[in-house]
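> A predicted structure for the sequence below; I have some questions about it.
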Amino acid sequence: MNENNNTTLYSQLEYDHGYKLIQLTPELLDALKSNNNALKFKQVQTDHEGTMVDDVILCSKNKSWNIKQKNHSNTVLLCKDEKLNGNDNCIKGYGKCTYEYETRLTKGHINLNVIPIYDGEEEEKLDSCNFEELINQSGCSMEEGIKEWEEICGCVIDNHVCILGENYIHSVLHILLMSLMAEGYDMESQGFLIAEGIESVQKDGNENEKSQVIESVIKRFFHRENTDTNGKEVRWLIDKKKIGVWYGIKALKKYASKNPIRDVEFLQEWRSMFPPFMSIEIDLKMLRGHYCKPNSIQGQIKYLSKDILPMDSKQRFKMLFQIQSQWLQEEIEPFVKDLNTRNMKIDTFIMKFARRRHVGKQYIIQSR
Amino acid sequence: MNVVDISIDHHVLGQLAQEKLSTIATPLGNTIIEIQGELDIPSLQQLPKDNYLQDSRFSLDSQDNPIVKVGILNIDQDSKQVTMYVGTTQRLLGKIEKLDPPLGLLHFVSETKEYQLKDVFTHKIVFRNRPLPIM
Amino acid sequence: TTTNTTTNTTTNTTTNTTTNTTASSATSLSDIRIWVRYTEGFSNAVRKNVTWESLWE
């Protein structure tokens, strides 16, 4: 196109309808610039206030974007330089867009609905899909999927995906910790290889324990060493906080689900659950979001699972205040923050449904 | 479940690597022209089949697509002002605008059943005002 | 019945005109205008979800 003189504009009488415009936000542009970062459109089911709707998301190797179609009433003509009727200074309209795709970076998630739970029973046959298929039907990129998969202790057995049952995870973790200690591994600073972890468990009278299961448990409770591995195999270091919380919830379920328990007493029970000689610092704060302090009983706690609470904000606050009339803000926050889908400041969100009082250095939350 | 890949045209890849921010037309020769309103041109069905090409406004491009002459664009690169003369009666005043964020041009390729990124636009020409008569 | 007859006649006339376009083409061509129909106000931007089917539209 000649930018200082006259350019003649032509238009095709029939447009090519295969063209669409898409907003390229900086992250999306970055993803395009790294060549190996293949982008794809994925069809996913997303939860819109309780009903599943068909949606399309855009994924790179490690990021996901929500897409919205922004319609407009303007004429947006796609034109291309072309020599027409012997004239060099011509452009020709070949496509017309009535909308553009708006892209917004979002946090991708695995579609957990389709995954069976495996408890280690030999006779169970898994008929689920493989990991790649799981990612294809999930609203997330491959890297986001792998990360979440490790966090939920997902496992692939004979090419079928499954989630490990809670008790099963616990028994494998317990054996793993004891075996690693027996083998003398320095879990805090030296770490160990996945293969070494598997070997430790299997040689200790648990030769039937599946390697993939042990590997999933390692990835759930240990973290990769930070130093550059220089091409060597990555070593895994203990994540004491994750293990502490896991045993803590186990202890809450065991000792504090029917009746409340005095917190001093609870700490003792919690400590006693770890394998012998295992030193892990524990603090009740680690278990926020898993316990409540029932009304009129001082210094006692009771197990409370977020899973049993209503999904409606008003109803959830109402139920929380029935269980306990006054909450420390830090103690109620983890029970409600998943409902703050509009990403308000958490204080503001809480005050929409409750009264907030300043007492000393703390904030007390109670019903209006 | 469905997945469709978006490949990148290798010309675009080169363009992205150079970080070259072009103006109106992209290095690949594409331009976006936006008009607030409808650009009225006849459809092929509305035209008399056998002799519409006798009208000087209509012709065929190199691929034999029927095309119509819409008008003349006059671009002043310094002031970013653009004037478009439509037909013989209308004059539109517009300007070159920077796109934020830039827009990607996707094209569905039916042979490979995938989308291809054909170009990246950083600017467009916009006509927002009511057309003026040509005096 | 009267109304029906009227409608029929109109339809027939329309069909005739369509088939006869070639004959009257010289006038049709000169009637054709290329111009911009301006829309008052802002473009009515509406956002909606993208369905899989709409990718192929």
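Sure thing, it's come through. Here the structure is a predicted model, which is why all the values come from computation and not from measurement. Residues are numbered from 1 along each chain as shown, chains lettered A, B, ... in the order given.

> which residues touch the least confident helix or strand in chain B by mean pLDDT?
Using mean pLDDT, DSSP states H and E, helix B:10-18 stands out as the lowest-scoring helix or strand of chain B, at a mean of 81. The contact list for helix B:10-18, computed with Cβ atoms under 8 Å, 6 or more residues apart in numbering or on different chains, reads A:29, A:32, A:33, A:35, B:8, B:26, B:27, B:28, B:117, B:118, B:119, B:120. (Glycine included, C-beta is placed from N, CA and C.)

> Ok, stretch A:31-44 next?
So stretch A:31-44 is contacted by A:24, A:28, A:54-63, A:67, A:111, A:136-139, B:1-8, B:13, B:16-17, B:104, B:115, B:117, C:52, C:55 (Cβ under 8 Å, 6+ apart).

> Do me a favour and get the end-to-end distance for that stretch?
With Cα to Cα, to the nearest Å as the measure, the ends of stretch A:31-44 fall 21 Å from one another.

> Going by neighbour count, list what's buried in it.
A:31, A:32, A:37, A:38, A:39, A:40, A:41, A:42, A:43, A:44 (16 or more other Cβ atoms under 10 Å in any protein chain shown).

> so what pLDDT did the fourth one get?
Think residue A:38. What the model reports for residue A:38 is a pLDDT of 82.

> Next: the last one.
According to the predicted model, the pLDDT of residue A:44 comes to 89.

> did I read that right, it in a helix?
No - going by DSSP: H, G, I helix; E, B strand; the rest coil, the assignment for residue A:44 is strand, not a helix.

> Show me what it is bridged to.
Beta bridges link residue A:44 to residue A:55, judged by DSSP bridges.

> Residues touching the helix or strand containing residue A:170, excluding its own?
Using DSSP states H and E, residue A:170 falls within helix A:166-182. Identification of contacts with helix A:166-182 by Cβ under 8 Å, 6+ apart yields A:118-120, A:153, A:164, A:187, A:192, A:197, A:200-201, A:203-204, A:206, A:209, A:213-214, A:217-218, A:220-221, A:243, A:246, A:250, A:274-275, A:277-278.

> Drop anything exposed from these.
In terms of neighbour count (16+ other Cβ under 10 Å), the buried residues within the contacts of helix A:166-182 are A:118, A:120, A:153, A:164, A:187, A:192, A:197, A:200-201, A:204, A:209, A:213-214, A:217-218, A:220-221, A:243, A:246, A:250, A:274-275, A:278.

> need the contact list for residue A:274.
Counting by Cβ under 8 Å, 6+ apart, residue A:274 has contacts A:177, A:247, A:280.

> residues near residue A:300, how many?
19 (other Cβ atoms under 10 Å in any protein chain shown).

> Could you find the closest non-adjacent residue to it?
residue A:260 (3.9 Å; Cβ to Cβ, 6 or more residues apart in numbering or on different chains).

> before we move on, back to that, so of the buried residues of stretch A:31-44, which ones are in strands?
Counting by DSSP state E, these place A:39, A:40, A:41, A:42, A:43, A:44 in strands.

> tell me the average confidence for stretch A:224-236?
83.

> Quick check: end-to-end length of stretch A:224-243?
With Cα to Cα as the measure, the ends of stretch A:224-243 fall 15 Å from one another.

> What residues does chain C have near chain A?
Residues of chain C lying close to chain A (Cβ under 8 Å from any Cβ of the partner chain) are C:39, C:43-52, C:54-55, C:57.

> Low-confidence ranges, the stretch 51-200 of chain A, go.
A:122-124 (pLDDT under 70).

> What residues does it have near chain B?
A:58, A:74-85, A:91-93, A:100, A:133, A:136-137.

> what sits against the closest residue to residue A:292 other than its chain neighbours?
Leaving aside its chain neighbours, residue A:292 sits nearest to residue A:304 (4.3 Å; criterion: Cβ to Cβ, 6+ apart). Shown in contact with residue A:304 (Cβ under 8 Å, 6+ apart): A:290, A:291, A:292, A:323, A:335.

> which of the residues you listed has the weakest pLDDT?
residue A:323 (93).

> just to revisit the earlier point, among the contacts of residue A:304, which ones are in strands?
Going by DSSP E, the strands hold A:291, A:292 from those.

> Can you pull the phi/psi pair for residue A:217?
phi -70, psi -40 (degrees, to the nearest 10).

> For residue A:363, give its distance to chain B.
For residue A:363, the distance to chain B equals 40 Å [Cβ to the nearest Cβ, to the nearest Å].

> ok but that residue is inside a helix, no?
No - using three-state DSSP, the secondary structure at residue A:363 is strand, not a helix.

> Which strand residues bridge it?
Going by DSSP bridges, residue A:363 forms beta bridges with residue A:358.

> doesn't residue A:329 make contact with it?
Yes - counting by Cβ atoms under 8 Å, residue A:329 is a contact partner of residue A:363 at 4.0 Å.

> quick one: is the longest strand anywhere in chain B near chain C?
When chain B is parsed with DSSP E, its longest strand is strand B:90-109. Yes - on the criterion Cβ under 8 Å from any Cβ, strand B:90-109 is in touch with chain C at B:90, B:92, B:108.

> My guess is the last one contacts residue A:18. True?
In this case it means residue B:108. Yes - assessed by Cβ under 8 Å, residue B:108 is found in contact with residue A:18 at 4.4 Å.
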